[in-house]
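K.L.:
sequence and predicted structure below; questions after.
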Amino acid sequence: MGAYRDTYERSLTDPDGFWRDAAAGVDWDRMPMRVLDGDRPPFYRWFPDAELNTCYNAVDRHVAAGRADETALIYDSPVTGTLRSYTWRELRHEVARCAGALRELGVEKGDRVVVYMAMVPEAVITMLACARLGAVHSVVFGGFGPKELAARIDDARPKVVVATSCGIEGSRVVEYKPLLDAALAEATHRPDRCVVLQRPQAPGVLQDCDLTWEDALDGAAEAACVPVAATDPLYILYTSGTTGRPKGIVRDNGGHAVALTWSMANVYATGPGDVFWAASDVGWVVGHSYIVYGPLLAGATTVLYEGKPVGTPDAGAFFRVIEQHGVTALFTAPTAIRAIRKEDPSGSFAARYRTDSLRTLFLAGERLDPQTYEWAGATLGVPVVDHWWQTETGWPVAANLRGLEPMPTKAGSPSVPVPGFDVRVLQPDGAPAPAGVDGAIVIGLPLPPGCLPTLWHDDERFVESYLSAFPDVYLTGDGGRFDDDGYLYVMGRTDDVINVAGHRLSTGSMEEVLAAHPAVAECAVIGVDDELKGQVPRGFVVLKAGIDTEHEVIEQELVASVRRRIGAVASLRRVQVVPALPKTRSGKILRKTMRGIAAGADPAVPSTIEDPSVLDTLRPILRPE
């Protein structure tokens, strides 16, 4: 790992020089003379004296470079039967017109715009249009409930809300406009106008302050790019807070553009001529970083997909997209691959399509179990790269850097820390954990460019949430360990460690064992209260399609496997087959909610849940006897 080690060491010992060199990949209106402002720790700022425009870097400069007629964006919507592509010239025109329309509605540099839209090109266009004006966009996942949307509107205080009238979840149409109306009725802040993209599947009823997308853009003049300070906010992305009040993650313009441009080349080995597909949603950080900004900053073609891994129409959907559009890199969540594997364990759908354009499958968003890793690699015949990061960091913290120095992969590990991230594993007393010993994963300050500099209008909460557990480090909230080769293993949130009769055990290690069973498609292990041992684990598994073995037999085999692999100390005596596990729309299993129900509480159903009926089915199973 010579090239990697040299680069990583330089990023920590000479961050000014390292990031000054990386900044050369961005076009600046005013070049940075200073790289890092460390005058007010822990509020570090990158490129404090520089100016740029993120939209210019993502769109206009590729037109200026002579690539106007190459494809920038592919919109593939199996749920509506729509396929549309935009060249760089066409994308620039649409973004500039949208920016002009927003300007006509009074949006100026520093104003906020809330985006509440489905996976349609207009969502990407609106985000880029805000960046073009120097306005701050805040994308709220389409279909979020009125209460959650109202909280975000009140916190961001947008001048304008841009929404689609509905979204399409598989075969189900979700009407967004009534949810938006209810949110505005509940919110204390009132935006000046709401722009509604009417979709034929469910047009919305317009209110007095509403106008349609078509009317807003009719006759709008193209707006030019507005230079902003590198430290000015590009967007606010809200993530759940422990108090129930959402935390507004702030992303700045300069550090974000530099970090994502560097990551596309060095982590994802992607640039002009490549087709990058992040099968996520623009409402999540993956959609911000690697549907919209990352690929476009790098000059690659990006795919915007409105559909599911299965059911739109079948388990071959992803392979069809790869073949049809010549996808060179696919980034999705392990949940998507598990869903495909559950429906098609033999990989027969993959065999129907030519996927030889694909060079790499990148997976992130939750822990990648070794079985999914092995199945994906065997089915697609390409390297499977697990990598780990967070909404707060905005780009990978640990990864196998395919563009810098591809290295051997290890099942269960996202490989090594990415240059710029001083990743450490600490024991409860703050001492470094030896190799092979679990602890809290932290990142030394300052965080590299592209990470959150603070929370929206809440410096105190930023410090309390992330910087107060140990001095001079950012607490990720995840636990894990390094091995002797310097590979990081992320075992899950630190609250997923349970204490069984004084033994601290990772539920992630038990899930590894359950997932290894040939009948298991996905699983979850949670800790439940026990009078004798304090806590004991309980396992829940979803089986692959076509499994005929009696559930009781499989459950007994799973309990025996954990006892054999981990030992009797694990005390896992109950594993139950269930039809489905509750998940967020981004694919994360709601283990914390399951724990609350098992403890006899009645936790609020998270606004991010994909299918509330799954939780209703599990309640009687989870409740203590």
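P.N.:
Arrived safely. Numbers count the residues shown, from 1 in each chain.

K.L.:
roughly how far apart are Pro620 and Ala185?
P.N.:
Pro620 sits 35 Å away from Ala185, going by CB to CB, to the nearest Å. Glycine gets a C-beta too; all of them are placed from N, C-alpha and C.

K.L.:
cool, Gly311 as well?
P.N.:
In this view, Gly311 and Ala185 are 34 Å apart by CB to CB.

K.L.:
higher neighbour count, the two?
P.N.:
Gly311 (15 against 9; other CB atoms under 10 Å).

K.L.:
do I have it right that the more buried one meets Gly170?
P.N.:
Yes. Between Gly311 and Gly170 there is a contact at 5.2 Å, judged by CB atoms under 8 Å.

K.L.:
okay, now the domains of the protein?
P.N.:
88-226, 501-622 (automatic domain parsing).

K.L.:
for the ones you listed, which one ends up most surrounded?
P.N.:
Looking across the domains of the chain with neighbours counted as mean count of other CB atoms under 10 Å, the highest average goes to domain 88-226: a mean of 21.

K.L.:
avg pLDDT for that domain?
P.N.:
For domain 88-226, the mean pLDDT works out to 96.

K.L.:
same check, this time on stretch 536-547
P.N.:
Stretch 536-547 shows a mean pLDDT of 91.

K.L.:
before we move on, what about stretch 41-58?
P.N.:
Over the span of stretch 41-58, the pLDDT mean works out to 98.

K.L.:
for it, measure first residue to last.
P.N.:
31 Å (CA to CA, to the nearest Å).

K.L.:
just stretch 204-219 next, same as before
P.N.:
23 Å.

K.L.:
JSON lines for the domains of the chain, including distance to Gly450?
P.N.:
Output for the domains of the chain, formatted as JSON lines (distance: least, CB to CB, whole Å):
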{"stretch": "domain 88-226", "distance to Gly450": "15"}
{"stretch": "domain 501-622", "distance to Gly450": "20"}
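
K.L.:
so which of the ones you listed gets nearest Tyr487?
P.N.:
Closest approach to Tyr487 among those (CB to CB): domain 501-622, 15.6 Å.

K.L.:
which residues sit in contact with the residue nearest to Val120 when sequence neighbours are not counted?
P.N.:
Nearest residue to Val120 in three dimensions, chain neighbours excluded: Thr164, at 6.2 Å (CB to CB, 6 or more residues apart in numbering). Counting by CB atoms under 8 Å, 6 or more residues apart in numbering, Thr164 touches 116-118, 120, 122-123, 142, 176, 196-197, 199.

K.L.:
what packs against the helix or strand hosting Leu296?
P.N.:
For Leu296, the element it lies in under DSSP states H and E is helix 294-298. If you count contacts as 3 or more CB pairs under 8 Å, 6 or more residues apart in numbering; DSSP states H and E, helix 294-298 packs onto helix 253-266, strand 275-278, strand 301-305.

K.L.:
could you check how far Trp88 is from Pro272?
P.N.:
10 Å.

K.L.:
so Trp284 sits right up against Phe141, yeah?
P.N.:
Yes. Counting by CB under 8 Å, Trp284 does reach Phe141; the two are 6.9 Å apart.

K.L.:
where do the helices sit along the stretch 151-300 of the chain?
P.N.:
For the stretch 151-300 of the chain, the helices defined by DSSP state H, counting those that start in this stretch occupy 177-186, 213-217, 253-266, 285-287, 294-298.

K.L.:
would you list those in TSV and tack on distance to Thr454?
P.N.:
Output for these, formatted as TSV (distance: least, CB to CB, whole Å):
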stretch	distance to Thr454
helix 177-186	26
helix 213-217	32
helix 253-266	13
helix 285-287	16
helix 294-298	22
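
K.L.:
out of those, which gets nearest to Pro334?
P.N.:
So among these, helix 285-287 is nearest, using CB to CB, at 12.7 Å.

K.L.:
in that closest one, what counts as buried?
P.N.:
285-287 (16 or more other CB atoms under 10 Å).

K.L.:
compute the inter-axis angle for the helix ranked longest in the chain and strand 301-305.
P.N.:
Secondary structure of the chain read by DSSP state H shows that its longest helix is helix 88-104. Angle of helix 88-104 versus strand 301-305, following axes from the mean of the first three to the mean of the last three CA atoms, to 10 degrees, is 60 degrees.

K.L.:
circling back to that earlier point, from the contacts of Thr164, pick the one nearest Pro32.
P.N.:
Using CB to CB, Ala123 comes nearest to Pro32 of the contacts of Thr164, at 30.7 Å.

K.L.:
wait, doesn't that closest one sit right on Val282?
P.N.:
Yes. The pair Ala123 / Val282 is scored as a contact, 5.1 Å apart, by CB under 8 Å.

K.L.:
who touches both of these two?
P.N.:
By CB under 8 Å, 6+ apart, the residues touching both Ala123 and Val282 are 115, 117, 139.

K.L.:
which ones are touching the residue lying closest to the last one once chain neighbours are set aside?
P.N.:
So that's Val139. Nearest residue to Val139, sequence neighbours excluded (CB to CB, 6+ apart): Val115, at 4.4 Å. Going by CB under 8 Å, 6+ apart, Val115 touches 123, 126-127, 130, 137-140, 161-163, 282.

K.L.:
go on, Leu475?
P.N.:
By CB under 8 Å, 6+ apart, the residues touching Leu475 are 440, 442, 466-469.

K.L.:
restricted to strands, list those.
P.N.:
440, 442 (DSSP state E).

K.L.:
could I get the contacts of Leu475 as JSON lines with neighbour count and distance to Arg84?
P.N.:
Shown next, in JSON lines, are the contacts of Leu475 (neighbours: other CB atoms under 10 Å; distance: CB to CB, whole Å):
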{"residue": "Ala440", "neighbour count": "22", "distance to Arg84": "46"}
{"residue": "Val442", "neighbour count": "23", "distance to Arg84": "44"}
{"residue": "Tyr466", "neighbour count": "22", "distance to Arg84": "40"}
{"residue": "Leu467", "neighbour count": "17", "distance to Arg84": "45"}
{"residue": "Ser468", "neighbour count": "10", "distance to Arg84": "48"}
{"residue": "Ala469", "neighbour count": "17", "distance to Arg84": "47"}
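
K.L.:
quick check, pLDDT for the closest residue to Thr409 other than its chain neighbours.
P.N.:
Leaving aside its chain neighbours, Thr409 sits nearest to Asn400 (5.8 Å; criterion: CB to CB, 6+ apart). Listed pLDDT for Asn400 reads 97.

K.L.:
that's a helix at Ile554, yeah?
P.N.:
Yes. Ile554 forms part of a helix when assessed by DSSP: H, G, I helix; E, B strand; the rest coil.

K.L.:
wait, isn't it in contact with Gln576?
P.N.:
No. Between Ile554 and Gln576 no contact is recorded; they are 10.1 Å apart, counting by CB under 8 Å.
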